[in-house]
Every structure is written in structure tokens, then in C-alpha cells.
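**Student:** give the three-dimensional model of this entry:
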Amino acid sequence: MNPTEIADTTIDEISYYSIYDGIPQPCTKEGIKAFGGLFLPPLYSLVFLFGLLGNATVVLVLFKYKRLKSMTDVYLLNLAVSDLLFVFSLPFWGYYAADQWVFGLVLCKMISWVYLVGFFSGIFFIVLMSIDRYLAIVHAVFSLKARTVKYGVLTSVATWAVAIIAALPNLLFSTSYSERNHTSCKIKFASNATGWKVLSSLEINVLGLVLPMAVMLFCYSKIIRTLQQCKNEKKNKAIKMILAVVVLFLGFWTPYNVVLFLESLVELEILQDCALERHLDYALQATETLAFVHCCLNPIIYFFLGEKFRTYIVKLFKSCKGPLGFCQDCRFLQASSSDTPSSSYTQSTVDHDRYDAL
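**Tutor:** Residues are numbered from 1 along each chain as shown. Okay, here's the model as predicted:
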């Protein structure tokens, strides 16, 4: 599914008729396009700017200072690249929401595909980060052999392959077409392609929420149980960090997936109620934007909160030249870098400090 499909109100999107006094009436959606055109472009622009800035900073620091010395560094880099792919598609969808699709068939297919590849790969790398932390904390000795850069690269390649395959329906079935002087970019299945419709709807819910959440709950529940057996002043802050990761993931992605699931029931004509469909269309635009914000939070959740990263940020700002020379005076960052004992950076020698995995 493309981000702005519901905002498109061409005639082909009227999927059924409501019955009023025995006379079939079209379930019209005139206000949905106007709502999306007004609110989505500025929201997409903000997500694009903050997501680009945060994730580009992560990539720069990883290459400039960290040099990918651990499995965690590899996953952090791939997570940032996934989010960058995701946010790069947003200017196209923002323009589409405000006007119509003017970028042609090839870009319609490619942007739809890149958007979904970024969507899936971002969530998959969040899952890998959870497994990485699980190994570092619960199986610290075993992790010394398992959590290597080599295995990090191999699992990352496999993850990208799965994300690319999962996004293929968007590449195959997305199309650009004109109707009533309005050009759209959306997925169009054949009338008898019910199987593809079901698969497209279920994979976003299963691969985008159900499986990742199951893995995260398992990993973090084991981590919390292990931490509770340790006597360390960092334990409470580490547990709070874990809870923050889970709550934020659930809070930002669950509403979007629930609405997508209900939309799929409407698409399959299991739910047939005009008022419900209109409410779902508005809800999808709101929850979709909320889910997009999570890609801006990933750098904060998984990287910016670490002590070592704040040290690297200070170094990076101090090296700024020209119009960014004011960065040299960011001394408040140095003070804040020593305030928070918990860290989202995981060292490869986790047996020395297991809390660094958080």
C-alpha cells in the first residue's frame, strides 16, 4: 500500500454502495482528498527533515568514529540506511497528496517499492537489534563468538533480501494512470486477484507488527529477568530504556497496523459500511503519519541516548567549519554526556560491561 492511496478520491476507489431507502447511493469521499492535501504535505516534510538529519548523523558518526567494529554498529548503520530510504520517498508522497502524481510510471513503481523496502527493512533491523541485545545480556559468553562483524554483515544481507522480496507486490502492481484529469499512483490488482489482495494486507500486519512484536517481547522479557538478578546501579535505567523501546514501538505502529487490517476487510468487502469506511480513511492518514515519526525517533532510541555517541557528537560539532562554526561552542553536550549512565551502544566485549548493550 502506498501512503497516499486513501487520500486519492477518484471514482475507482468507491468500492461499494450504501443503501438508503432502497436506492443504491455511492459512498463518496470528497472531503478526504482535501484533508490529506492540507495536512499530509507539511507533516511529511517535517518527518523527512528530521528523519534525514538524525539518520544521516548516525551514518556519519558510525563511519567517522565507530568504523563498524561490532555487530551492533552494523545493525545501527543498516537501520539508519533503512530509515533514509523510507524518508527519501516522502517528498514524492507529499506532492502527490497535495496535487496528483506527475512523476510517471517508472518512478511510481520505484518509489512505491523503495518506500516499502525501507518500511520492512527498518522494522526487521529493529528486531535484529533486539536479538543482539538479548545475546549480549542473556548469553554474554556465547555472544563473544556469535556477535561478530562477519555475522552482522551476513544477517544484514539476508534481511535486505527478505525486505526486497516482501516489497515486490508494490513493484509489480503499482501503476500510474489518469482518470477525470487526475493522475494516480497506486496498487491495482486484477478483479480476480483476491489472493494478492489478502497477501498484501496480511504481510504488512504479520511482518510489520505481529512477528516483530513477538520477538521483541521474548527478547526483552528475558533481558529484564536477567537484569533483575544483577546488583548494579544501572539496572533500573536499563530496564526503563527497554520499556521505552517496546512502548514506543507499540504506540507508533499498532494503531497504523490495526487500521490497515480493517481497511483490508473493507477492500475484501467483509466490512461494508460507508460511515465506517470514511472514518477508517481519516484514521489511516493520521496513524500512518504517526508511524512515520518512528523513523525519526530511531536515532534517539538506539543511538543518541548512548554516552559514547554524545562524545562523538561533541567531536563532530567541534570539527564543523564555515557557517556551522557555532558548533564549536556546544559545551552543554559535554555536560550532558556524563549525566546518563545507560547506553544504546553495545560493545563487542560485553562480558566487561553488560549494561553497555542497552
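
**Student:** what score does the residue lying closest to Pro169 once chain neighbours are set aside have for pLDDT?
**Tutor:** Excluding its sequence neighbours, the residue lying closest to Pro169 (Cβ to Cβ, 6 or more residues apart in numbering) is Ser200, at 5.1 Å. For the C-beta atoms, the positions are set from N, CA and C on the backbone; glycine is no exception. pLDDT for Ser200: 77.

**Student:** list the buried residues in stretch 96-108.
**Tutor:** Tyr96, Ala97, Ala98, Gln100, Trp101, Cys108 (16 or more other Cβ atoms under 10 Å).

**Student:** closest to Tyr256 among these?
**Tutor:** Nearest to Tyr256 among the buried residues of stretch 96-108 is Ala97, at 16.4 Å by Cβ to Cβ.

**Student:** what about Gly152, neighbour count?
**Tutor:** Using other Cβ atoms under 10 Å, Gly152 has 23 other residues around it.

**Student:** list the contacts of it.
**Tutor:** Contacts for Gly152 (Cβ atoms under 8 Å, 6 or more residues apart in numbering) come out as Ser70, Met71, Thr72, Asp73, Val74, Tyr75.

**Student:** if we use 6 Å, what do you get?
**Tutor:** Met71, Val74 (Cβ atoms under 6 Å, 6 or more residues apart in numbering).

**Student:** quick one, strands of the stretch 201-350 of the chain?
**Tutor:** Here the stretch 201-350 of the chain has no strands by DSSP state E, counting those that start in this stretch.

**Student:** quick one: low-confidence ranges for it?
**Tutor:** 232-235, 305-307, 320-350 (pLDDT under 70).

**Student:** rewinding a little: quick one: which two of the buried residues of stretch 96-108 are the most distant?
**Tutor:** Maximum distance among those (Cβ to Cβ): 16.4 Å, for Ala98 and Cys108.

**Student:** tell me the spacing between the residue nearest to Pro169 and Ala167.
**Tutor:** 10 Å (Cβ to Cβ, to the nearest Å).

**Student:** surely Thr183 is within a strand?
**Tutor:** Yes - counting by DSSP: H, G, I helix; E, B strand; the rest coil, Thr183 is found in a strand.

**Student:** and it, what's its pLDDT?
**Tutor:** 91.

**Student:** also the one 5 residues further on?
**Tutor:** According to the model's per-residue confidence, Lys188 sits at a pLDDT of 84.

**Student:** what is the neighbour count of Pro3?
**Tutor:** 26.

**Student:** kindly report the same for Asn181.
**Tutor:** Asn181: 6 neighbours (other Cβ under 10 Å).
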